[in-house]
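# Return a 3D structure for these sequence lines:
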Amino acid sequence: MPIYDAAAFRAASLSLLSCACSRPSIALAVVLLVLRLPLAQPWEAAIAGAFALLCAAGTARGIRMRAAAMLVSLVFGSAAWLVEVPVVHEGFQVVAPARESDAAHLREALPPHVHDQVLAMFDRAYPQAQRCDPAAAGCWRYRATTAAPLAWSADAAWRASPLSRSATGVSFETVGALRPGFLNEDFLNWFGSLNDMSRDSVPLVYLLRLPYQAVGGEICWRGAAFLPGEGDAQAAAAAGARCRAVTSVMVERTLVFARIGQRQELAVHLSMPASGARAGVLRMGVQFLTAAAALLLSVRWGLSAAGLVLPVAGAVLAALWLDPGLLTRVPILQGGNDGLFYEGAGRQIARDLLAGNVLEALRGGESVYFFQIGYRYLRAAERLLFGESHGLAIGILLLLPWAVFRLASVVVGPWVAAGICTLMLLGAPLKAFGLDFRYYADLTAAGWSEPAALLALVLAVAGYLRLLRSDPTDAKSIGSMAAVGAWLAAAALLRSNLLLGAAVIAAQLALVAARRRDGRGLLGLAAGLAPLGLPLAHNLAFAGIWVPFTTAASIAGQFRPAPPETWISAGLDLMRGAVDSPAIGAVAAQLPRWIGGWEQGALLAAALLVLVLPWRLPGTWRWLAAAALALHPPSMFFYDLNDLDRYGQFAWFMSFVLLLCMVAGFGRTRPGGAS
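Model prediction:
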């Protein structure tokens, strides 16, 4: 039976519509048409990303060439679909029965004799007397560990499977290589030293249904296996790696493999007969050649493409140097950290959207926002577009050097900007300025929102600086102002501590537009900033509480060791001479966390001097200094327990932009932008 689903029809409709566009969207649409959503495999995401990059860097050819590209894609893309490729179905489930619902789900997922043996293995590996306290947050028994008989996989978002997902092959040496996105559900948020079960070794079962084309092939495994004709699972596990020929009996049954225990591992490799393997290679080749032909027919490039392609290519090389698995691995996120919440909430949002529960999807896992607002929805989009692969997060990371190049080229020109981009990729030279590529690669792997927030902030500042030196009579100001406003809103929604800095930049743009009497520009800026009102609407609609943004600022304890009242008390105590007061001690402990090294101290002093000195300085410098200083309060009041300075990096970046403008004299020659 040919592989042909609704996603292909949707992509075909998209590509037909884009054929009439004057932009190179036709080529990217063809890629999606040929590959089909979601782009779950790393090679699919890589092809789509590369083609999207080339599309954005080029310009569209004539309508006849785009029509030819459409014809090529329809003919050869259809041929790719008609190549019958053997499909295996994979199922997953966590074996940690914390509630009766978990036990019921396991009974439904597993054959009775397998179910009993798996539970016996679990009881031996995790004796009842040694299990953690179910009343303790972070314990695996704190809440239910399953939501259905089989775990949900985003790979099946647009490709239905009788188990968790479908694939064209099976080969993994560790559970981490299985692309185990199902382990990143929010209800599996286990952490703490008293927990007797680690997230790195979650007990699980792996179910496999083979196609008839697999008969005559071979399946090898390491770990516990329950196969037709096999006896006790412990004997199979103790024997180490084993292999068996695939028989017709195995095709008719569901094969079950298990990993139970802290030091146990699971590996499965399926070798298809030659005919099945050739079909997969043939379809992959047809898909790639079709997409490449469509791209070449519909897009052309010039030297200007290097400004986009080279920084991204450099980022790919830097990422491969830092961690070769970063671009393809689906990480098992650390328990107790924000990254696991964003991923878990994003998975639930994606499920709700697919089920038609739009209101629950909009709720986003919280009736009143506490965690960063936008990243959970970005994660949901990633699950729908890329399945279990982290293609969107990786794409954001790879675009960061290009965004920095784009911003710097506005101020100092392309050659110096290329040098700054190179220093960012090297990491250490610009670490003090919040532009360390390694740092953001680590945050991407941890699932945090800072890389996405920085990308939005950099693009907003780049557009902002372009507007300050633009012609006041520019008729396109409404679109440019809307774009800058939208990027500022996105940055604040991704990291709420950017809200004050975004407000400063928006205030200057509004003042400049008002002085130019540019009503269209003011309208565009307001439209771009409009999404900042959505959190208030969300909190009112779902909880009836007037919270304009999030409640994160109210967090206390070790996360906020020096709140504003402590700074006020410290100032009063210092005036009274009480230098040994607790408030002064708390502020003294917070200062090195806030300022860090001497480089950050110099940047802070420079921003303060530019803002307060009475000398006649360009207005742009003063506004940039104000924006940089507006980003400092979170570092003054809060403490990042992960010791990653996730609050201060944005302030140091804005100080770097200020320093760049001062060195280049930006703003001196355009008094119209110095407001």
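
# helix or strand for residue 93, which one?
strand 88-94 (DSSP states H and E).

# same question for that strand, mean pLDDT?
Computed over strand 88-94, the mean pLDDT rounds to 93.

# Quick one: low-confidence residue ranges for the stretch 551-675 of the chain.
Within the stretch 551-675 of the chain, the ranges that satisfy pLDDT under 70 run 555-560, 598, 614, 639-645, 669-675.

# still on that earlier bit, which residues are contacting the strand holding residue 93?
105-106, 109, 145-146, 149-151, 153, 161-170, 178, 180, 182-183, 188, 202-211, 214, 254, 270 (CB atoms under 8 Å, 6 or more residues apart in numbering). C-beta coordinates here come from the backbone N, C-alpha and C atoms, glycine included.

# Give me the buried subset of those residues.
105-106, 109, 145-146, 150-151, 153, 161, 163-170, 178, 180, 182-183, 188, 202-211, 214, 254, 270 (16 or more other CB atoms under 10 Å).

# the helices in the stretch 551-675 of the chain, which residues?
564-576, 582-595, 598-612, 619-630, 633-637, 648-664 (DSSP state H, counting those that start in this stretch).

# Send me the third one as PDB with only the CA atoms.
As requested, the backbone C-alpha atoms of helix 598-612 are provided in PDB (Å, rounded to 0.1, in the frame of the first residue of the first chain):
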ATOM      1  CA  TRP A 598      35.300  43.700  35.700                       C
ATOM      2  CA  GLU A 599      34.200  43.700  32.100                       C
ATOM      3  CA  GLN A 600      30.500  43.700  33.100                       C
ATOM      4  CA  GLY A 601      31.300  46.400  35.700                       C
ATOM      5  CA  ALA A 602      32.800  48.600  33.000                       C
ATOM      6  CA  LEU A 603      29.800  48.100  30.800                       C
ATOM      7  CA  LEU A 604      27.400  49.000  33.600                       C
ATOM      8  CA  ALA A 605      29.500  52.100  34.400                       C
ATOM      9  CA  ALA A 606      29.500  53.200  30.800                       C
ATOM     10  CA  ALA A 607      25.800  52.900  30.400                       C
ATOM     11  CA  LEU A 608      25.200  54.900  33.600                       C
ATOM     12  CA  LEU A 609      27.600  57.600  32.500                       C
ATOM     13  CA  VAL A 610      26.000  57.900  29.000                       C
ATOM     14  CA  LEU A 611      22.600  58.300  30.600                       C
ATOM     15  CA  VAL A 612      23.400  60.800  33.400                       C
END
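
# counting contacts, what elements does it pack onto?
helix 619-630, helix 648-664 (3 or more CB pairs under 8 Å, 6 or more residues apart in numbering; DSSP states H and E).

# okay, those helices in a markdown table with mean neighbour count and distance to residue 401 next?
Below are those laid out as a markdown table (neighbours: other CB atoms under 10 Å; distance: least, CB to CB, whole Å):
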| stretch | mean neighbour count | distance to residue 401 |
| --- | --- | --- |
| helix 619-630 | 23 | 21 |
| helix 648-664 | 23 | 14 |
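
# Of those helices, which is nearest residue 128?
helix 648-664 (46.2 Å; CB to CB).

# between that closest one and helix 582-595, how big is the angle?
60 degrees (axes from the mean of the first three to the mean of the last three CA atoms, to 10 degrees).

# Count the neighbours of residue 273 for me.
15 (other CB atoms under 10 Å).

# got it, and residue 367?
By the criterion of other CB under 10 Å, residue 367 has 13 neighbours.

# which residues of the stretch 51-200 of the chain fall in strands?
Assigned strands in the stretch 51-200 of the chain, in chain order: 59-60, 88-94, 165-167, 171-172 (criterion: DSSP state E, counting those that start in this stretch).

# tell me the contacts of residue 509?
So residue 509 contacts 464, 467, 481, 484, 485, 521, 525 (CB under 8 Å, 6+ apart).

# In this structure residue 266 contacts residue 258, no?
Yes. Residue 266 is in contact with residue 258 according to CB atoms under 8 Å; the separation is 7.3 Å.

# can you list residues touching both of these two?
With CB under 8 Å, 6+ apart, residue 266 and residue 258 have common neighbours 204, 206, 223, 224.

# Out of those, which sit inside strands?
Per DSSP state E, strands hold the following members of the shared contacts of residue 266 and residue 258: 204, 206, 224.

# Other residues contacting stretch 38-47?
7, 31-32, 35, 48, 154-155, 157-159, 165, 284, 288, 291, 327-328, 383-389, 391, 394.

# Which members of the contacts of strand 88-94 occur in helices, if any?
Judged by DSSP state H, the contacts of strand 88-94 include 105, 106, 109 as members of helices.

# Make TSV from those residues and add distance to residue 125 to it.
Shown next, in TSV, are the ones in helices among the contacts of strand 88-94 (distance: CB to CB, whole Å):
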residue	distance to residue 125
105	19
106	15
109	19
